[in-house]
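S.K.: Sharing a sequence plus its predicted fold:
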Amino acid sequence: MSKFYEIVQYGMGGVGRALFGLVVQHAPEIKERLGINLRYRAIVDSTHALHIDLNSAMNQQYMQYLWARLKPEVGERISEQTGAVQKPSELSILATELDRIRSEDSAAKLVVVDTSGASDSAMTPVLTSALRQGHCAVLANKRPLCGPIEDFRQMASASGLGMARLRYETTAGAALPVVSTLRMLLDSFDQINEISGCFSGTLGYLATELENGRKYSEIVADAKAQGYTEPDPRDDLGGVDVARKALILARSLGMGIELSEVTVEALYPDSLSSLSVPEFMARLPEVDEYYAGLAAKAAEKGETLRYIAIVSGKGLTVGLQSVPKDSQIGRLRGTDNIVVFKTRRYDPNPMVIQGRGAGPEVTASGVLADIISFGR
Ligand SMILES: NC(=O)C1=CN([C@@H]2O[C@H](COP(=O)(O)OP(=O)(O)OC[C@H]3O[C@@H](n4cnc5c(N)ncnc54)[C@H](OP(=O)(O)O)[C@@H]3O)[C@@H](O)[C@H]2O)C=CC1
Ligand SMILES: N[C@@H](CC=O)C(=O)O
């Protein structure tokens, strides 16, 4: 029997557009191979929304036409599409879609997909409300999982037993199976003693390219252009993005920790913290020399710089370390992440997950896998 999932997607940046393309191009095959019907019903960015009526959503030609305009190489915005409306609140977009699904008398479920860079205060009410009404949610956006712990708990409890209708695989390690592995270990009554590693594609890329002698400013600009960084690269360079990932893993383990309890170490000076993103990018060359010096100092000792996170019973720590070049972490290249699970069963040899940890295409593939998982 076919299952129907109606996608309401917030966020049409790098990840959101890559996901849209994947779904539009592969929806017929997903239906044929898995019996799962995926239909886009709304796409939303920071200013506009496009609600897609049922006939259009089922019309492959229309969806291909939309994709031809929205794909990154063309880069049209939602506001340029016929029928686009100025965005009211995030919640009212959900309300419109819930009304519509009711009026269509549909057995389909909504999947609210958050591929935005929106704040937790904008998105948490949307996600929790959809979950409370029996629908599903998939997040690539970490922010709604990193607000007050009570919000996290409410979202988790709204999503059904075992968080059945909530997925957030790509919030830690992009499409690497980190969250699903954590769940598998917990579900099978293993005891997780520590999760550690390098959780940032951007910082991994920065560290290896500094090793290769490139300038800090060029590397950061490049990482931004490739879509590895957060909308504001200071989230990555400031360690906050790593702290969010560590927090999500900690909360998934049942720890009641707040983001404010995690101390981060910033890889840019305070003097650049209150600038706009373009101003910040323009002033990056000011710190080229400092970070070249730091990398050279590590290299003199046969070491290299890595931004390391540790989640354990003692809490969370994240920060820059100088590690031997020929260690497991020192050998990481580019945007690769490494996540090491030390558990009762995986002892003394830990379970290790390693691979690309950032980039729009890879992340979109993880979000699609999360969506499909509801229908399996
Ligand atoms: N890039 C990556 O490798 C990974 C990213 N992620 C996460 O995925 C999310 C998206 O990343 P990415 O695509 O790279 O970022 P982008 O900056 O490319 O895109 C962000 C998108 O969010 C939209 N947006 C911002 N505020 C709102 C809002 N209130 N409602 C609806 N849409 C909004 C923006 O709209 P507008 O275009 O109008 O500004 C834009 O379309 C982020 O949360 C990021 O942390 C997770 C794993 C990996
Ligand atoms: N900005 C993040 C993207 C994935 O979460 C990173 O660089 O790791």
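M.R.: It's in. Ligands and ions are numbered 1, 2, ... in the order given.
S.K.: mean confidence for the longest helix anywhere in the chain?
M.R.: When the chain is parsed with DSSP state H, its longest helix is helix 14-34. Along helix 14-34, the predicted confidence averages to a pLDDT of 97.
S.K.: got a list of what Met184 touches?
M.R.: Neighbour list for Met184: empty [criterion: Cβ atoms under 8 Å, 6 or more residues apart in numbering]. For every residue, glycine as well, the C-beta is placed using N, CA and C.
S.K.: that's a helix at it, yeah?
M.R.: Yes. Assessed by DSSP: H, G, I helix; E, B strand; the rest coil, Met184 belongs to a helix.
S.K.: ok, so what distance separates it from Glu303?
M.R.: Separation of Met184 from Glu303 (Cβ to Cβ, to the nearest Å) stands at 34 Å.
S.K.: and the longest helix of the chain, anywhere near ligand 2?
M.R.: No. Helix 14-34 stays clear of ligand 2 (Cβ under 6 Å from any ligand atom), getting no nearer than 8.8 Å.
S.K.: After that helix, heading C-terminal, what element do we hit next?
M.R.: Following helix 14-34 in sequence order, the next helix or strand is strand 36-44 (DSSP states H and E).
S.K.: Give the partner strands of that following strand in its sheet and their orientations.
M.R.: strand 3-10 (parallel), strand 48-51 (antiparallel) (DSSP bridges).
S.K.: ok, and does the first one reach over to ligand 1?
M.R.: Going back to what we said before, that points to strand 3-10. Yes. Interface with ligand 1: strand 3-10 contributes Tyr10 (Cβ under 6 Å from any ligand atom).
S.K.: May I see the buried residues of that strand?
M.R.: 3, 5-10 (16 or more other Cβ atoms under 10 Å).
S.K.: Contact partners for whatever residue of the chain ends up closest to ligand 1?
M.R.: Nearest residue of the chain to ligand 1: Gly13, at 1.8 Å (Cβ to the nearest ligand atom). Applying Cβ under 8 Å, 6+ apart to Gly13 gives the contacts 45, 115-117, 231, 360.
S.K.: ditto for Arg345
M.R.: Arg345 neighbours (Cβ under 8 Å, 6+ apart): Asp190.
S.K.: May I have the secondary structure class of it?
M.R.: Applying three-state DSSP: Arg345 is coil.
S.K.: Show the pLDDT at it.
M.R.: pLDDT at Arg345 comes out at 98.
S.K.: ok, it to ligand 2 distance?
M.R.: 28 Å (Cβ to the nearest ligand atom, to the nearest Å).
S.K.: how far away is that residue from Ile192?
M.R.: Taken as Cβ to Cβ, the span from Arg345 to Ile192 is 10 Å.
S.K.: Let me see the contact set for Ser79.
M.R.: 47-48.
S.K.: Now do the same for it: helix, strand or coil?
M.R.: Assignment for Ser79 (three-state DSSP): helix.
S.K.: and the gap between it and Gln86?
M.R.: With Cβ to Cβ as the criterion, Ser79 and Gln86 are 8 Å apart.
S.K.: what touches both of those two?
M.R.: 47-48.
S.K.: if we can go back for a sec, can you give me the angle the longest helix of the chain makes with strand 36-44?
M.R.: With axes from the mean of the first three to the mean of the last three Cα atoms, to 10 degrees defining the directions, helix 14-34 sits at 160 degrees from strand 36-44.
S.K.: Name the residues that touch helix 14-34?
M.R.: 2, 7, 9-10, 12, 36-40, 43, 45, 60, 63-64, 66-67, 70-72, 113, 115-116, 140, 170, 227, 360-361, 363-365, 367-368, 371-372, 375-376.
S.K.: check those residues against ligand 2, which are close?
M.R.: Near ligand 2, by the rule Cβ under 6 Å from any ligand atom, you find none of the contacts of helix 14-34.
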